[in-house]
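Peer 1: any chance you could fold what I've pasted below:
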Amino acid sequence: MKNLLIILQDLGAGGAEKMMVRLASALVEAGNEVTLLMLTGDGVNLAALDPRVRQVRLQSPRSAAAVPALTRFLRANRFDAQLAALTHVNVVAIAAATLSGTLKRLHVSERNAFSRDKHVNPALSVRFAYWLAPWLYRLIPNPVICVSQGVAQDLVDSTIARPRDVTTADNPVLDNDFRERPPAAARHPWLNDKSTPVIVAVGRLARQKGFDTLLDAFARLPDPTVRLIIFGEGSLCSDLLARATALGVAQRFDLPGYAADPIAEIARADCFVLSSRFEGSPNALVEALSTGTPVVATRCPYGPQEILADGRVAPLVDVDDPVALAEAINAQLATHRALNQQRRIDAAARFVNARAVQTYLRALLGRPLK
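Peer 2: As a prediction, the model looks like this:
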């Protein structure tokens, strides 16, 4: 049994937060003691956390201000390994670990394409964190844990990080028994009482996810009865609704907000689409594959090509190409659901909790759990 610490800003609706909650729960299930520390507060993903995981909230007004409190906490508590997630949190954790004398036990992780993600948030403090992080990554004793080979290579190619400064570990996206466990009932009425084909997408309503391109592709589909649901929250909600109106598809398009159980919704869909401009290792794509639902994804950096075996598992199209995306979606809608269904499910199995725990324990401790 190991005593492990995971450090996050909060437990908001992001994919990184969801995966760290799943990782904490999986590590506890594997027989470890786990503490999940939140710098600023909790969030919607708290509901999914295993109750055996110890929770610590520093209640800092912002991440950068949490360094003194985190330093005191690390001095007062000894862990076999400490794991931080997301770039700005990594910088805070490195500072606190240095001050507390625990840097040798600290591991940090990158969850997205660094070269693209650093341009998303214009806040000065975040930009400074992205500038500083690669310099720190060269100095810390443990390699940065990346969620895919693409993310690791991007960090090396776009910063001063060296190949020896990075390693990889898979996300714990799926329960170990996902093959045997039927999905829960969908909540969306278009999926519960389905009278026409339905396309589903999941993600933050942000430019990264390419939902504007998806809407353009959706409007090009030859079947005027097909519907599109995008589950997620974000700043582009009103922009996407306005675009749907301009394209004449608003009556067949819905933005119902955050989905607590996206697998339940995707399982009832006729096609899942990942239209992103960049990713790290898209968890929603793995969730979709696990249901056997037909899938279309962009060949974006990074993740889909690894997960879909360069298009052998499901079709890949170029980023920002609504014509190609529409053609791929239409082909999937016209194909029997059973075609390649087992191949999709098998591709998802790499991301079960038990396997992910082993890759993380190897990265954190240098060896898998015995």
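Peer 1: all strands for the stretch 201-350 of the chain, in order.
Peer 2: Listed in chain order, the strands of the stretch 201-350 of the chain (DSSP state E, counting those that start in this stretch) span residues 227-231, 253-257, 271-274, 295-298, 316-317.
Peer 1: list the helices and strands whichever helix or strand Tyr137 is part of packs on?
Peer 2: Secondary structure from DSSP states H and E places Tyr137 in helix 124-139. Here helix 124-139 touches helix 87-100, helix 114-117, going by 3 or more CB pairs under 8 Å, 6 or more residues apart in numbering; DSSP states H and E. For every residue, glycine as well, the C-beta is placed using N, CA and C.
Peer 1: quick one, the helix or strand that comes right after the first one and helix 87-100 angle?
Peer 2: Put plainly, it is helix 87-100. Past helix 87-100, further along toward the C-terminus, the next helix or strand under DSSP H and E is strand 106-110. Interaxial angle of strand 106-110 relative to helix 87-100 (axes from the mean of the first three to the mean of the last three CA atoms, to 10 degrees): 170 degrees.
Peer 1: what comes into contact with strand 106-110?
Peer 2: The contact list for strand 106-110, computed with CB atoms under 8 Å, 6 or more residues apart in numbering, reads 81-87, 90, 93-94, 97, 137, 140, 142, 144-147, 151-152, 155, 169, 280, 363-364.
Peer 1: who does that strand pair up with?
Peer 2: strand 81-85 (parallel), strand 144-146 (parallel) (DSSP bridges).
Peer 1: picking that back up, what's the most buried one of the helices and strands packed on helix 124-139?
Peer 2: helix 87-100 (a mean of 23; mean count of other CB atoms under 10 Å).
Peer 1: what about the helix holding Tyr137, distance to the chain center?
Peer 2: 21 Å (CA atoms, centre = their mean, to the nearest Å).
Peer 1: that one: which residues count as buried?
Peer 2: Val126, Ala129, Tyr130, Leu132, Ala133, Pro134, Leu136, Tyr137 (16 or more other CB atoms under 10 Å).
Peer 1: could I get the pLDDT score of the closest residue to the fifth one other than its chain neighbours?
Peer 2: Spelled out, it's Ala133. Closest residue to Ala133 apart from its sequence neighbours, by CB to CB, 6 or more residues apart in numbering: Thr87 at 5.1 Å. As predicted, Thr87 sits at a pLDDT of 97.
Peer 1: let's see the pLDDT reported for Asn45.
Peer 2: 93.
Peer 1: tally of neighbours for it?
Peer 2: 22 (other CB atoms under 10 Å).
Peer 1: tabulate the helices and strands packed on helix 124-139 (TSV), appending distance to Ala244.
Peer 2: Converted to TSV, the helices and strands packed on helix 124-139 look like this (distance: least, CB to CB, whole Å):
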stretch	distance to Ala244
helix 87-100	33
helix 114-117	26
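Peer 1: quick check: Ile7 is in a helix.
Peer 2: No: per DSSP: H, G, I helix; E, B strand; the rest coil, Ile7 lies outside any helix segment and is strand.
Peer 1: check contacts around it.
Peer 2: Remark: with contacts taken as CB under 8 Å, 6+ apart, Ile7 is in contact with Leu37, Leu39, Leu70, Gln82, Leu83, Ala84, Ala85, Val89, Val92, Ala93.
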